[in-house]
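[1] Sequence and computational prediction follow.
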Amino acid sequence: MATVAIAGASGYAGQETLDRVLTHPALELYALGSDSLAGQQADALDPRLGRNGWSRIPRFITNDAAISCGADVVFLCLSHGESAALEPPARGVVVDLSGAHRFADEHVYESWYGFEHPRPLGLGSWSYGLPEVSAPTGRLIANPGCYATAALLALAPIADEIEHDGVVVDAKSGMTGAGRSPKASSHAGVVLENVTPYSVGEHHHAPEIAAHLGFPVTFVPHLLPVRRGLIATCYVRSRGDDLRGLLEDHYASSHVVTVLPEGVVPDLARVQQTDGVEIGIFEDRLTGGFVVICALDNLGKGAAGQAVQNVNLLFGFDETAGLRLSGVLV
């Protein structure tokens, strides 16, 4: 059994992390951090947390208090800037769900995140935790971005067999990917009945994808008029003949990632509310290229589910403990 503290528990990623911790057989919730809810009972966040057997959930404390409480695991569900400014606790596993520790090069933050990293000397101590591509090591784990997770799961296993020039990742995500804080761009009047490209040519997940593929891609994100879910359509040209075989072999033993049978298209609805991933691969009969499609939930495998999966691997728990791996047939 490992104790858990969650900083930023009132945000979307924090709530999703809390949900998985509460049902995890080997994790015990020890501290809930939220500066806006400090001192209040857990049901101030959601009335369901005061019933259904969750009445013993601790009161909210400040994020600083949660981080320094001595828990075996600390999940940082904070903004990039807030996480970057923190000194990690001296013991225990820390999983940062923000982008504040995904790069060892401090200059990436100035160029792509818009701030000078306040603790550049410690960046090299963090490992990138995408279990199917880059297994977590050590005790400081940088959780990947949601778009980067989808692109890397689709492309990393076939990276050596595709032409590195001209790879395009066209990705679309639900509005929870923008976080819980209200923004003009996520207002219902902007999002509903609309699909909007954003951060074209400058999204901070682009260098993250490039860093772990080993080559740059053209990446364009779009905002969908749905609450959650993410789908990335990747266009590539092959050097080899069996991209499907490479993907199937790579994920043959995975309980999280499914390579769909030939002709079956990944479906956003099937992965929403889950930590599972669907991948499909198709040949473009006209151009001879290939289209690799990855669907996942931006709050699940794209955030909280992946964070818990990383902890499971580090502590030797069942890799899928606490995860949601199947949806409901409707």
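    Good, I have the coordinates.
[2] burial count for Ile209?
    28 (other C-beta atoms under 10 Å). Where C-beta positions appear, they are placed from N, C-alpha and C, glycine not excepted.
[3] That one touches Val169, doesn't it?
    Yes: Ile209 is within contact range of Val169, at 6.9 Å (criterion: C-beta atoms under 8 Å).
[4] Name the residues contacting each of the two.
    Counting by C-beta atoms under 8 Å, 6 or more residues apart in numbering, the residues touching both Ile209 and Val169 are Tyr147, Ala151, Val217, Phe219.
[5] Looking only at stretch 135-149, what residues are buried by neighbour count?
    Pro136, Arg139, Leu140, Ile141, Ala142, Asn143, Pro144, Gly145, Cys146, Tyr147, Ala148, Thr149 (16 or more other C-beta atoms under 10 Å).
[6] from those, which is closest to Tyr235?
    Tyr147 (15.5 Å; C-beta to C-beta).
[7] out of everything not next to it in sequence, what's closest to the closest one?
    His205 (4.2 Å; C-beta to C-beta, 6 or more residues apart in numbering).
[8] now do Thr274
    Arg324 (4.7 Å).
[9] Quick check: Ala304 is in a strand.
    No: using DSSP: H, G, I helix; E, B strand; the rest coil, the assignment for Ala304 is helix, not a strand.
[10] So it sits against Ala9, correct?
    No: using C-beta under 8 Å, Ala304 is not in contact with Ala9; the gap is 10.9 Å.
[11] shared neighbours of the two, anything?
    Thr17, Cys77.
[12] which of the two has more neighbours?
    Ranked by neighbour count (other C-beta under 10 Å), Ala304 and Ala9 place Ala304 first, with 31 against 26.
[13] got a list of what the more buried one touches?
    Ala13, Glu16, Thr17, Asp19, Arg20, Cys77, Leu97, Asp275.
[14] In JSON lines: the residues you listed, plus neighbour count and pLDDT.
    Rendered in JSON lines, the data for the contacts of Ala304 read as follows (neighbours: other C-beta atoms under 10 Å; pLDDT from 0 to 100):
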{"residue": "Ala13", "neighbour count": "27", "pLDDT": "97"}
{"residue": "Glu16", "neighbour count": "27", "pLDDT": "97"}
{"residue": "Thr17", "neighbour count": "30", "pLDDT": "98"}
{"residue": "Asp19", "neighbour count": "18", "pLDDT": "95"}
{"residue": "Arg20", "neighbour count": "23", "pLDDT": "97"}
{"residue": "Cys77", "neighbour count": "30", "pLDDT": "98"}
{"residue": "Leu97", "neighbour count": "29", "pLDDT": "98"}
{"residue": "Asp275", "neighbour count": "27", "pLDDT": "98"}
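[15] Among the residues you listed, which one sits closest to Ala38?
    Once C-beta to C-beta is applied, the member of those that ends up nearest Ala38 is Cys77, at 15.1 Å.
[16] got the contact list for the closest one?
    Ile6, Ala7, Gly8, Ala9, Gly11, Ala13, Gly14, Thr17, Leu97, Ser98, Ala304.
[17] Relative to Gln306, how far out is it?
    Using C-beta to C-beta, to the nearest Å, Cys77 is found at 12 Å from Gln306.
[18] if we can go back for a sec, out of the shared contacts of Ile209 and Val169, who has the most neighbours?
    Neighbour max across the shared contacts of Ile209 and Val169 (other C-beta under 10 Å) = Ala151, 28 neighbours.
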